[in-house]
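Participant: quick one, fold the following:
(one chain, ligands or ions: 2)
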Amino acid sequence: MAMFKGGVGKSTSAVNVAAALARRGHRTLLVDCDPQANATEMFISEDEVEFDLRSIIAERVPVEKVIRETRVAGLDVLPASFDLAYLDKELVVSPAGVTRIGRALRDVRDDYSYVVFDTGPNLSHLTLGALAASEHIVIPVSATVWATTGLRKFVRWIDQHRDDEVLAAQLLGLVATMVQPRTRIGQALLDDLASSPFPTFRTWIPRRIAAEDAAMDHAVVGDLGMDRSLGLAYNDLTGELVTRVQELQTAARHAR
Ligand SMILES: Nc1ncnc2c1ncn2[C@@H]1O[C@H](COP(=O)(O)OP(=O)(O)OP(=O)(O)O)[C@@H](O)[C@H]1O
Ligand SMILES: [Mg+2]
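Facilitator: Ligands and ions are numbered 1, 2, ... in the order given. The predicted model follows:
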């Protein structure tokens, strides 16, 4: 989940898609690449995080020691802490810094069907490193004024790095978040995305007052405390995502 704009639902989407994937029987790793550690906190409290990505990359802690099981069967998390802010600076000066996140995960990648990255609201080296480690990119776009401002530039920024062979990831799709369908802004976003040149998920995520409460209670898809509509939407999004990934993989196999 990546978008340089803040508060658009990246972490909520990363956490819930990862949980929904696991609940569908796909072994999933959620990698938190944001020093804010919002995705991590849904599963592990801040004071329980001992190691993070920086421990693997800068301190050579084995990746297996860093990854933690969660209460959701089949879902593991590679937690974040504020130390990632220092890792960001270190990646700038490190040779091939942008490939370090991908390399840190090399030994465990095959243990999972899906690896979901949550990134921060910026174009930092951490974000670029997460994109470079990814095969697909999902961009949440929130139903707010200026939501699509800068979106084309962000996609172009991704394309430039692809041209420079820094990253290979394909844009899997834009997903509308925090949509109130009966408002003008909500409808405008859905119309905007439907007519955009970029792939867009059919599923949109409704704005729900209860989303904040669910986050406070650390509830995700499938949990009792999760808002029902939000859970259903993230389940649908995950189904669509799985289908798209499979279609792209089949197309890539035929192209070879
Ligand atoms: N569908 C929704 N309806 C209402 N509130 C939501 C919804 N999704 C997320 N939120 C709330 O909006 C806030 C921002 O969401 P979230 O943290 O997922 O965004 P983000 O893009 O990861 O933010 P950041 O850029 O800071 O990393 C949170 O308080 C979250 O609980
Ligand atoms: Mg976030």
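Participant: closest residue of this structure to ligand 2?
Facilitator: Residue nearest to ligand 2 within the chain: Ser11 (3.2 Å; CB to the ion). Heads up, the C-betas are built off the backbone N, CA and C, glycines and all.
Participant: are we agreed that that residue is in a helix?
Facilitator: Yes. Under DSSP: H, G, I helix; E, B strand; the rest coil, Ser11 sits within a helix.
Participant: mind listing what Ala188 touches?
Facilitator: Ala143 (CB atoms under 8 Å, 6 or more residues apart in numbering).
Participant: what helix or strand is it on?
Facilitator: Assessed by DSSP states H and E, Ala188 sits inside helix 184-194.
Participant: in that helix, what counts as buried?
Facilitator: Judged by neighbour count using 16 or more other CB atoms under 10 Å, the buried positions of helix 184-194 are Ile185, Gly186, Leu189, Leu190, Asp192, Leu193.
Participant: my read: Arg109 touches Val115, true?
Facilitator: Yes. Using CB atoms under 8 Å, Arg109 and Val115 qualify as a contacting pair, with a distance of 6.6 Å.
Participant: and the two? Which one has more around it.
Facilitator: Val115 (22 against 12; other CB atoms under 10 Å).
Participant: circling back to that earlier point, and for the closest residue in space to the residue of the chain closest to ligand 2 that isn't next to it in sequence, the neighbour number?
Facilitator: Distances taken as CB to CB, 6 or more residues apart in numbering place Asn38 nearest to Ser11, at 4.1 Å, with adjacent residues excluded. Other residues near Asn38 come to 17 when the count uses other CB under 10 Å.
Participant: same deal with Val17?
Facilitator: Applying other CB under 10 Å, we find 26 residues neighbouring Val17.
Participant: and it, what helix or strand is that in?
Facilitator: Assigned by DSSP H and E, Val17 falls in helix 10-23.
Participant: and that helix, anywhere near ligand 1?
Facilitator: Yes. Helix 10-23 comes into contact with ligand 1 (CB under 6 Å from any ligand atom), by way of Lys10, Ser11, Thr12.
Participant: near ligand 1, which residues of the stretch 151-256 of the chain are found?
Facilitator: Thr177, Met178, Ile205, Arg207, Arg208, Ala211, Glu212, Ala215, Leu230.
Participant: the residue nearest to Asp83 when sequence neighbours are not counted: which element?
Facilitator: In space, and not counting its chain neighbours, Asp83 is closest to Arg54: 4.7 Å by CB to CB, 6+ apart. Element membership of Arg54, judged by DSSP H and E, is helix 53-59.
Participant: which other helices and strands does that helix contact?
Facilitator: For helix 53-59, the elements it packs on are helix 63-66, helix 84-93, helix 100-104, judged by 3 or more CB pairs under 8 Å, 6 or more residues apart in numbering; DSSP states H and E.
Participant: redo the residues of the stretch 151-256 of the chain next to ligand 1 as a markdown table? Include distance to ligand 2.
Facilitator: Below are those laid out as a markdown table (distance: CB to the ion, whole Å):
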| residue | distance to ligand 2 |
| --- | --- |
| Thr177 | 12 |
| Met178 | 13 |
| Ile205 | 14 |
| Arg207 | 17 |
| Arg208 | 17 |
| Ala211 | 13 |
| Glu212 | 14 |
| Ala215 | 11 |
| Leu230 | 16 |
